[in-house]
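give the three-dimensional model of this entry:
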Amino acid sequence: MQIRQWRNSAREFEYRGMPVACWQAGSGPTLALIHGFPTSSWDWHRLWAPLAGKYSLLAVDMLGFGLSAKPAAYHYSIFDQADLWQAVLAEHAPGETCLLAHDYGDTVAQELLARANEGALPLQIHKVCLLNGGIFPEAQRPLPIQRLLASPLGAVAGRLITRASFDRSMQKIFGAATQPTREDLDVLWQLVNENGGRKVVHRVIRYLHERARYRDRWVSALADATCARCFIVGMADPVSGAAMAARYRELLPGELLIELDKVGHYPQLEAPAAVLDAALPFLSDSSPARTSGDLQER
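Residues are numbered from 1 along each chain as shown. Below is the predicted model:
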């Protein structure tokens, strides 16, 4: 799929008076695709057609990302993005859904799970499949630019991001053998900059502080979930790869963990066939969900 086609297929959803870009395709059980930072739902484009053959897909560019609104003075929060997803699902896919999430989207999925565990989510989450992300903050290794953007100097740092520095940061987190093409980087840069995106990136990345503050809530959400869980990890990711996989194995023993060797932080872009091979059997399996109960250590 080309970026022009992707843009043209977007629909507008209004959230708190702001336009949000969303996409739907396919038929069957609902599968919500929740993207990561600092990119957008375009990240899923290489999985889109194969998944649409089996599922009713729903993707959203969350506030501050991609083609959606990026208000300059907005308080960007994981809780607010979960509210957005809850509103979109209520309108377009009420009932039951599976979640496929990545990076920042993993934390949004964890908040949705927390609400489901509390009986505060007006729909059922059937399965959750997570890709590389900071689900256990203590195992995450943010890049220096991420730490700078999340610091009091973040506003200045955001304005100083150049195309060259963006490319270098993305290349660092992709696998050595699965590097993004020039065209990939062109589109990712274009979408990050859409609607003045660089002016708000320091606000959006404050989620790193939220992850630390609400670590117990979101880790417990995974532990206490009654739905099936799966973690697919590109092991060459320096941010949330091998160390995150090891922590998952430690804290959620018995839960499905699939390691992709030589793949970096964006498995859905770097190795889409491997992600499909890993995710589809899990998503289509009708076996009862396993529950891990309490974590081995919290």
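
show the residue spans covered by the strands in this protein.
Using DSSP state E, the strands of the chain run over residues 11-15, 18-25, 30-34, 56-60, 96-102, 124-131, 228-234, 256-260.

ok, which of those comes nearest A73?
strand 18-25 (12.4 Å; CB to CB). C-betas here are computed from N, CA, C, even on glycine.

give me the contacts around the closest one.
The contact list for strand 18-25, computed with CB atoms under 8 Å, 6 or more residues apart in numbering, reads 6, 9-14, 41, 48, 52, 56-63, 66-69, 71, 84, 88, 92.

quick revisit: mean neighbour count added to the strands of the chain, as JSON lines?
As requested, those are arranged in JSON lines below (neighbours: other CB atoms under 10 Å):
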{"stretch": "strand 11-15", "mean neighbour count": "14"}
{"stretch": "strand 18-25", "mean neighbour count": "18"}
{"stretch": "strand 30-34", "mean neighbour count": "25"}
{"stretch": "strand 56-60", "mean neighbour count": "24"}
{"stretch": "strand 96-102", "mean neighbour count": "24"}
{"stretch": "strand 124-131", "mean neighbour count": "22"}
{"stretch": "strand 228-234", "mean neighbour count": "25"}
{"stretch": "strand 256-260", "mean neighbour count": "18"}
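
can you tell which of those strands is closest to R168?
With CB to CB as the criterion, R168 lies closest to strand 228-234 of the strands of the chain, at 18.6 Å.

pLDDT of the closest one, averaged?
For strand 228-234, the mean pLDDT works out to 97.

name the strands paired with that strand and say parallel or antiparallel.
Next to strand 228-234 in the sheet, as set by DSSP bridges, lie strand 124-131 (parallel), strand 256-260 (parallel).

quick one: the helices in this protein, in order.
For the chain, the helices defined by DSSP state H occupy 3-8, 45-52, 78-92, 104-117, 144-149, 154-160, 163-173, 182-193, 201-204, 207-213, 215-224, 242-251, 267-270, 272-284.

for G26, which of those is the nearest?
For the helices of the chain, proximity to G26 was assessed by CB to CB; helix 45-52 is nearest, at 3.3 Å.

now tell me what touches the helix or strand of the chain with the lowest mean pLDDT from outside.
Here the helix or strand of the chain ranked lowest by mean pLDDT, DSSP states H and E is helix 154-160, holding a mean of 91. Under the contact criterion CB under 8 Å, 6+ apart, helix 154-160 has outside partners I145, L148, L149, S151, R198, K199, V200, V201, H202, R203, I205.

go with 7 Å
Identification of contacts with helix 154-160 by CB atoms under 7 Å, 6 or more residues apart in numbering yields L148, L149, R198, K199, V201, H202, I205.

quick one: buried residues of that helix?
G154, A157, G158 (16 or more other CB atoms under 10 Å).

now it: how far from the chain's centre is it?
Helix 154-160 sits 23 Å away from the centroid of its parent chain (CA atoms, centre = their mean, to the nearest Å).

got it, and stretch 199-216?
How far stretch 199-216 lies from its chain's middle: 14 Å, per CA atoms, centre = their mean.

next one: stretch 64-72
16 Å.
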